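Visitor: Just need the structure, nothing else, for what follows:
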Amino acid sequence: MLLINYFRKNYSDFPKGNIVATESPDFILKQKNRKKLGIELTRLYPATVGEDKMQTSPLENPSEIIETSRELFERNTKWKLFVKFLFTEPNRIDPVRVLPVSAMISNRIRKTVIGKNPRSFFHHNLRENELPAGVKEILIIHHPGLGESVWEEANNLGVSENIIDDIDRIIQKKEDKLSLYRKQQLDENWLLISSDYLQAAKNYNIHNQLLRKDFHSGFDRILLFDLLRQRTFEWIK
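Guide: Next comes the predicted model:
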């Protein structure tokens, strides 16, 4: 529910109604006019990962900073948050800086939630000018139904060699499930593909590539949502 609510807040064409979590599709939006919209949610993941994202040096592994930041933040709070870290390239932070950098991050996140209602949904982006060197951006999302905290690096699955091919592959994989969705007599079926931060291993303009592409699908609407940039690309049947 956390990601679908985050998308709903950032997508102006999202219809009003009550979202219900189901299995096939993942969500059904029930509108006042009795129309039902099915939404299948999936994540953009690369079939082939760029070599620059296959590094394993502990100096370039941000997991220690993420876990230390989380530990410091959660010592004296009951907040459960979904937090995405985007590091600068290369994401090298000297080991002696791990603790002070983590302390600065936890304090910034703590200040962000001050005054917030723990029973409400909210999101906030910390930008590079608010963060210590080496950290480009942090996305913070809270949903009252979130039982466990999730703190992780953006694009932790790797960076795609070919985003268009990866989107095509995901669409074709989800096409096989459309027959199940149609049995529920839904008025529309949407495929929502989330991406932490759209970037490619090769140097080309991703946005121009996406705007020129016409994906063919049985879904009434395909949406690609960039979580950190809060930007949506859409293809309507």
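
Visitor: residues touching residue 185, list them.
Guide: Neighbour list for residue 185: residue 36 [criterion: CB atoms under 8 Å, 6 or more residues apart in numbering]. Bear in mind the C-beta positions are built from the backbone N, C-alpha and C, glycine included.

Visitor: in the protein, which spans are helices?
Guide: Applying DSSP state H to the chain gives helices spanning 2-10, 63-74, 98-113, 163-175, 178-182, 206-212.

Visitor: Out of those, which gets nearest to residue 121?
Guide: helix 2-10 (5.2 Å; CB to CB).

Visitor: what helices or strands is that closest one leaning on?
Guide: Packing partners of helix 2-10 (3 or more CB pairs under 8 Å, 6 or more residues apart in numbering; DSSP states H and E): strand 18-21, strand 36-43, strand 135-142, strand 188-195, strand 221-226.

Visitor: In TSV, list these along with distance to residue 11 and mean pLDDT.
Guide: Formatted as TSV, these follow (distance: least, CB to CB, whole Å; pLDDT from 0 to 100):
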stretch	distance to residue 11	mean pLDDT
strand 18-21	13	95
strand 36-43	11	96
strand 135-142	15	96
strand 188-195	9	96
strand 221-226	7	96
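
Visitor: Save those strands as TSV, and put in distance to residue 106 and mean neighbour count too.
Guide: Converted to TSV, the helices and strands packed on helix 2-10 look like this (distance: least, CB to CB, whole Å; neighbours: other CB atoms under 10 Å):
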stretch	distance to residue 106	mean neighbour count
strand 18-21	31	12
strand 36-43	27	19
strand 135-142	11	22
strand 188-195	26	22
strand 221-226	26	20
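
Visitor: May I see the helices of the chain organised as a markdown table, with mean pLDDT, mean neighbour count and distance to residue 28 added?
Guide: Formatted as a markdown table, the helices of the chain follow (pLDDT from 0 to 100; neighbours: other CB atoms under 10 Å; distance: least, CB to CB, whole Å):
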| stretch | mean pLDDT | mean neighbour count | distance to residue 28 |
| --- | --- | --- | --- |
| helix 2-10 | 95 | 18 | 11 |
| helix 63-74 | 95 | 18 | 33 |
| helix 98-113 | 95 | 17 | 31 |
| helix 163-175 | 92 | 17 | 16 |
| helix 178-182 | 86 | 15 | 9 |
| helix 206-212 | 85 | 12 | 27 |
